[in-house]
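[1] output the structure for:
(one chain, ligands or ions: 1)
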Amino acid sequence: HSPGAAPSPSPQHPARIPPRPFPCAACGKSFRYLADLRVHERSHTGERPFPCPTLARGCPP
Ligand SMILES: [Zn+2]
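    Now for the predicted structure:
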């Protein structure tokens, strides 16, 4: 063993701006846009990110 040698999981990827700078604090899933994160977060808060597909006909309770 060589103490002090930190593992390099991704040597090909230097420290750059992550393509998805908006990680979900609940599940860790990252999103590229804050708006997408906001929509996703609703899935954790119980709200539905999208209206019921049958909402136009009258979604049953
Ligand atoms: Zn999440």
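[2] flag the shaky bits of the chain, pLDDT-wise.
    Across the chain, residues meeting the criterion (pLDDT under 70) sit at 1-2, 7-15, 17-18, 47-61.
[3] how about the residues of it near the ion?
    24, 26-27, 29 (CB under 5 Å from the ion). Every residue, glycine included, has its C-beta placed from N, CA and C.
[4] do a quick rundown of the strands in the protein.
    Ranges of strands in the chain, per DSSP state E, are 22-23, 30-31.
[5] so can I have JSON lines of those showing distance to residue 4?
    Shown next, in JSON lines, are the strands of the chain (distance: least, CB to CB, whole Å):
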{"stretch": "strand 22-23", "distance to residue 4": "29"}
{"stretch": "strand 30-31", "distance to residue 4": "30"}
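[6] quick one: contacts for the nearest residue to residue 19 once chain neighbours are set aside?
    Spatial nearest neighbour of residue 19, excluding adjacent residues (CB to CB, 6 or more residues apart in numbering): residue 32 at 6.4 Å. Taking CB atoms under 8 Å, 6 or more residues apart in numbering, we find residue 32 in contact with 19-22.
[7] on that earlier part again, can you add mean neighbour count and distance to residue 46 and give the strands of the chain back as TSV?
    Below are the strands of the chain laid out as TSV (neighbours: other CB atoms under 10 Å; distance: least, CB to CB, whole Å):
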stretch	mean neighbour count	distance to residue 46
strand 22-23	15	20
strand 30-31	16	19
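[8] what's the nearest residue to residue 44 once chain neighbours are set aside sitting at in phi/psi?
    In space, and not counting its chain neighbours, residue 44 is closest to residue 26: 4.4 Å by CB to CB, 6+ apart. When quoted as degrees, to the nearest 10, the phi and psi of residue 26 stand at phi -90, psi -50.
[9] all the helices of the protein, in order from the start?
    For the chain, helices defined by DSSP state H occupy the ranges 34-45.
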